[in-house]
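Student: What follows is a predicted structure for the sequence shown.
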Amino acid sequence: MPAPQLDITHRLEFSAAHRLHDPALGDEANRQLYGPCNNPNGHGHNYEVEVTVRGEVPPSGMIVDLNVLALIMDEEIFAQVDHKHLNCDVPFLEGLVTTAENLCVAFWQRVQPRILALGGCRLLRVRVYECKNSYADYHGPQL
Ligand SMILES: [Zn+2]
């Protein structure tokens, strides 16, 4: 019988400020498009990020050591963004409109090589909650 395949998820929370603003659009168009998230001085969110990996359960019983997954997320995400202004203080977000969608893709790009290096599992999904009830999911580039 083949080993069962499962998904494992770790979640972290961070707080940060951002401003949604597309420099290609005028001020009024930005206000209409992004509403409160276009506030000129930015505003804050309590974000949550979930990283899910998929793999077959090996003899150890662990697809991934959750402490290792937590460490990767702390280093690659939390330490970079917690209590920062996402538009100004995070080099890997420079030039992006800091929506939950774009954060998902940026976080995927940071953690994916380190998950791959673990062996035995692959990155399945990055989920970013911008608030308690709204989130974006990224499942990686469509090949
Ligand atoms: Zn916002």
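Tutor: Looks like it arrived, so ask away.

Student: show me what contacts S134?
Tutor: Going by CB atoms under 8 Å, 6 or more residues apart in numbering, S134 touches A100. (Each C-beta comes from the backbone N, C-alpha and C, glycine too.)

Student: Mind listing the residues bridging to it?
Tutor: Judged by DSSP bridges, the bridge partners of S134 are C131.

Student: separation between it and V51?
Tutor: The gap separating S134 from V51 is 18 Å, by CB to CB, to the nearest Å.

Student: From A29, how far out is the nearest residue to C37 once chain neighbours are set aside?
Tutor: Leaving aside its chain neighbours, C37 sits nearest to L20 (4.0 Å; criterion: CB to CB, 6 or more residues apart in numbering). Between L20 and A29 the distance is 12 Å, computed by CB to CB.

Student: Between the two, point out the one with more neighbours.
Tutor: Comparing L20 with A29 by other CB atoms under 10 Å, the one with more neighbours is L20, at 20 against 12.

Student: Just to check, the more buried one is in contact with L96?
Tutor: No: applying CB atoms under 8 Å as the test, L20 and L96 come out as separate, 10.2 Å apart.

Student: Count the neighbours of N39 for me.
Tutor: 15.

Student: To clarify, my last question referred to F14.
Tutor: F14 has 18 neighbours, counted by other CB under 10 Å.
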